[in-house]
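[1] Pasting a predicted model and its sequence here:
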Amino acid sequence: MKILVVGGAGYIGSHVVKALLKAGHDVTVFDNMSSGREENLFPQAGFIRGDILNTKDLDSCLSQGWDAAIHLAAFKAAGESMLKPEKYSINNITGTLNLLNGFAEYGVKKVVFSSSAAIYGEPQYLPIDENHPKDPENYYGFTKLEIERFLHWYDKLKGIRFAALRYFNAAGYDIDGEIKGLEQNPANLLPVIMEAAAGWREALKVFGNDYDTKDGTGVRDYVHVSDLADGHVKALNYITEKDESLIVNLGSEEGLSVLQLLEAARKVSGREIPADIVERRPGDPAKLVASSSLAKELLGWEAKYSDVESLVRTSWDAYKDAKK
């Protein structure tokens, strides 16, 4: 298939591009490079520099004809979204509507969308499955939930089949070590640990050690980015073969605590990695773990590389020789 990957030069996008190329697809990246990296672009894939907020850019691109699109172009810092909701409204919501209107006009009938576990909010029960109540605690999660609702309507009214993949915490780097472009200004735990290990940060801040967990620190579900990429390929195959839309969680179903990741990073890197215990962040639940049984049942997907050793080792391989 001829596939457009919107946001394909970013952290997750580059891994998705690699997986699609490996599956034999004709892939082109559309990216404004605001957070994408030149070194994440594959020579086997096409590249169009453009912005989802610029309808001329989209018209020029979409008029070339595409069998499917993968949509990963979003701002995703939950904390920032609470301070700058207008930024997230414009990029995530308006940008997605521009895309959907373009898909409708130019006949793109299949789209895989990177949604988020942030749509669920405070867990009412664990593990979190797709039927869990949706009550986002941050504006970022709200934008993802609204986009899912738009997708339902464009499916119903325009025949655009979609797969919404609700990621838990994406982590790790390319299992083959090919993709080295680091995230810019990361806010997630593992890259922050890596920056501390590389000496780019003075110390890791551990937000609370008095949670009701085995070591007192918060527990999250980390899914390897190579597993996520595989999920995109399988989801695209599903909506193509079944001609129906799909919503699934993608998580490891295993919870890892902050201290577990920190100790694993110390072991793998051989670095001390100083850490300071600070106050809890408001709204942080003690534990978040996914149920991915529906993805296993419908897609045959499983998290192959989401164990703590693979997550940390592939991350350190990307960071250890990198320049800030």
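    Perfect, I can see it now. Residues are numbered from 1 along each chain as shown.
[2] roughly how far apart are Tyr238 and Ser89?
    Remark: distance between Tyr238 and Ser89 (CB to CB, to the nearest Å) = 31 Å. C-beta coordinates here come from the backbone N, C-alpha and C atoms, glycine included.
[3] the more surrounded of these two?
    Between Tyr238 and Ser89, counted using other CB atoms under 10 Å, the more crowded position is Tyr238 (22 against 16).
[4] Identify all contacting residues around stretch 75-87.
    88, 91-92, 116, 118, 138-141, 143, 187 (CB atoms under 8 Å, 6 or more residues apart in numbering).
[5] so where do the helices sit in the stretch 201-324 of the chain?
    Assignment of helices within the stretch 201-324 of the chain using DSSP state H, counting those that start in this stretch yields the ranges 225-242, 258-269, 293-299, 308-319.
[6] Which of those helices sits closest to Ile193?
    helix 258-269 (4.8 Å; CB to CB).
[7] That closest one - what's its average pLDDT?
    Taken as a whole, helix 258-269 has an average pLDDT of 98.
[8] Contacts made by that helix with the rest, please.
    189-190, 193-194, 197, 204, 206-207, 209, 215-218, 222, 271-273, 275, 308-309, 311-313, 315-316, 320.
[9] run the last query once more with 6 Å
    The contact list for helix 258-269, computed with CB atoms under 6 Å, 6 or more residues apart in numbering, reads 193, 197, 206, 215, 217-218, 273, 275, 308, 312-313, 316.
[10] Centre of the chain to that helix, how far?
    How far helix 258-269 lies from its chain's middle: 22 Å, per CA atoms, centre = their mean, to the nearest Å.
[11] Also stretch 256-274?
    Counting by CA atoms, centre = their mean, stretch 256-274 is centred 23 Å from the centre of its parent chain.
[12] That stretch: which residues count as buried?
    Across stretch 256-274, burial judged by 16 or more other CB atoms under 10 Å covers 256-262, 264-266, 268-269, 271, 273.
[13] Give the rounded mean pLDDT of the helix or strand hosting Leu4.
    Per DSSP states H and E: Leu4 is located in strand 2-6. For strand 2-6, mean pLDDT is 98.
[14] Then stretch 219-226?
    97.
[15] would you list the helices of the stretch 201-324 of the chain in JSON lines and tack on distance to Leu4?
    Shown next, in JSON lines, are these (distance: least, CB to CB, whole Å):
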{"stretch": "helix 225-242", "distance to Leu4": "12"}
{"stretch": "helix 258-269", "distance to Leu4": "34"}
{"stretch": "helix 293-299", "distance to Leu4": "21"}
{"stretch": "helix 308-319", "distance to Leu4": "26"}
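[16] Minimum distance to Lys158: which of those has it?
    helix 225-242 (14.3 Å).
[17] With only the CA atoms kept, save the closest one in CSV.
    What follows is helix 225-242 as a C-alpha-only set of coordinates in CSV (Å, rounded to 0.1, in the frame of the first residue of the first chain):
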residue,chain,number,x,y,z
VAL,A,225,8.2,1.5,20.9
SER,A,226,9.1,-1.4,18.5
ASP,A,227,6.0,-3.3,19.8
LEU,A,228,3.9,-0.1,19.3
ALA,A,229,5.2,0.1,15.7
ASP,A,230,4.2,-3.6,15.1
GLY,A,231,0.7,-2.7,16.5
HIS,A,232,0.3,0.0,13.8
VAL,A,233,1.0,-2.5,11.0
LYS,A,234,-1.3,-5.1,12.4
ALA,A,235,-4.1,-2.5,13.0
LEU,A,236,-3.8,-1.2,9.4
ASN,A,237,-4.0,-4.8,8.2
TYR,A,238,-7.1,-5.3,10.3
ILE,A,239,-9.1,-2.3,9.1
THR,A,240,-8.1,-3.1,5.5
GLU,A,241,-9.2,-6.8,5.6
LYS,A,242,-12.3,-6.3,7.8
